[in-house]
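Peer 1: no sequence on this one, just coordinates:
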Ligand code: GRG
């Protein structure tokens with residue numbers, strides 16, 4: 001694969017246009033990494049590709065690529081990490097839409113995977129994407145000296161999607177709290193685990209892969225944690241018109257819309273301070289963070 005020409009933010013290129021260009025690059029690599037449609041058993045590969053394309057915002061892979069750019073990381077490695085992150089995210093969306101979970105008929109502007117392929121294939125397509133993601137990380141181009149980095153990345157991702165502090169933990173806490181009272185502390189814990197952890201891992205793994213110092217990784221980790229929580233607060237705000245007999249634990253439910261929006265903006269502004277050490281190299285990452293706090297999609 002040729003080197004990707006990095007789009008540079010200028011007065012003429014907005015953050016949305018930058019994201020649009022990055023999405024094309026991510027999609028191209030996802031297409032390259034996923035088994036072709038005619039690979040037997042065809043139906044699971046059809047369901048995996050159906051769920052991944054045309055896709056959503058690609059915020060996690062774009063965050064990884066932009067972090068890599070800021071730190072001078074290797075594009076070939078970063079794009080594989082980016083594709084793996086999107087596969088994991090898509091797996092969580094397929095499972096989240098299942099009747100046993102949120103029971104959603106539509107996702108990303110089309111019938112959800114189980115509506116199109118049935119529940120059994122949807123379940124397996126989600127599992128397939130998760131396995132494919134780990135295979136991509138295992139195959140990251142690496143010399144012996146970089147094996148340690150690969151293991152550190154695997155460790156970060158497993159924690160970010162696991163059952164103690166990751167996505168699975170968040171989803172379980174979310175299910176348990178549906179329709180029940182919840183505290184501010186529990187809410188932050190659910191959101192940080194369910195959504196924040198994978199967003200944080202997108203930034204942290206890109207930093208690890210770029211060979212960033214321990215101090216830089218720490219600062220980027222705090223940045224990722226804050227924007228990850230802000231991302232889910234904004235998701236709550238965008239979803240706040242939905243009625244449910246068992247309402248989920250959300251920021252607007254606890255604080256109201258205006259205060260929630262203010263909290264998301266404040267989190268992102270603090271996150272931006274965390275990456276001041278990057279200087280002008282952090283400009284695009286800063287704009288991406290701002291996009292997260294004011295997004296309408
Ligand atoms: C599959 C690990 C795994 C766990 C199963 C279903 C589940 C338990 C967890 C789901 C958690 C989940 C779906 C969190 C994500 C919440 C969220 C903000 C989704 C929307 O993300 P966007 O806006 O979507 O990035 P697009 O479509 O733009 O990619």
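Peer 2: Structure received. What you see is a predicted model, and the numbers here were worked out from it, not measured in a lab. Numbering: from 1, shown residues only.

Peer 1: hang on, isn't residue 188 packed against residue 232?
Peer 2: No - contact criterion CB atoms under 8 Å: residue 188 and residue 232 do not qualify, at 9.7 Å. The C-beta positions use only the backbone N, C-alpha and C, and glycine is treated the same way.

Peer 1: what about whatever residue of the stretch 51-200 of the chain ends up closest to the ligand, neighbour count?
Peer 2: Proximity of the stretch 51-200 of the chain to the ligand (CB to the nearest ligand atom) peaks at residue 56, 2.2 Å away. Counted with other CB atoms under 10 Å, residues neighbouring residue 56 total 16.

Peer 1: then residue 174?
Peer 2: 22.

Peer 1: report the buried residues of the host helix or strand of it.
Peer 2: Element membership for residue 174 (DSSP states H and E) is helix 167-177. Within helix 167-177, the residues that count as buried by 16 or more other CB atoms under 10 Å are 167, 168, 169, 170, 171, 173, 174, 177.

Peer 1: does anything pack onto the helix ranked longest in the chain? Which helices or strands?
Peer 2: Taking DSSP state H as the criterion, the chain has its longest helix at helix 214-238. Here helix 214-238 touches helix 59-71, helix 184-191, helix 197-209, helix 251-255, helix 257-274, helix 283-294, going by 3 or more CB pairs under 8 Å, 6 or more residues apart in numbering; DSSP states H and E.

Peer 1: could you dump the ones you listed to JSON lines with mean pLDDT and mean neighbour count?
Peer 2: Conversion of the helices and strands packed on helix 214-238 to JSON lines gives the following (pLDDT from 0 to 100; neighbours: other CB atoms under 10 Å):
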{"stretch": "helix 59-71", "mean pLDDT": "98", "mean neighbour count": "26"}
{"stretch": "helix 184-191", "mean pLDDT": "97", "mean neighbour count": "18"}
{"stretch": "helix 197-209", "mean pLDDT": "98", "mean neighbour count": "27"}
{"stretch": "helix 251-255", "mean pLDDT": "96", "mean neighbour count": "18"}
{"stretch": "helix 257-274", "mean pLDDT": "97", "mean neighbour count": "17"}
{"stretch": "helix 283-294", "mean pLDDT": "95", "mean neighbour count": "21"}
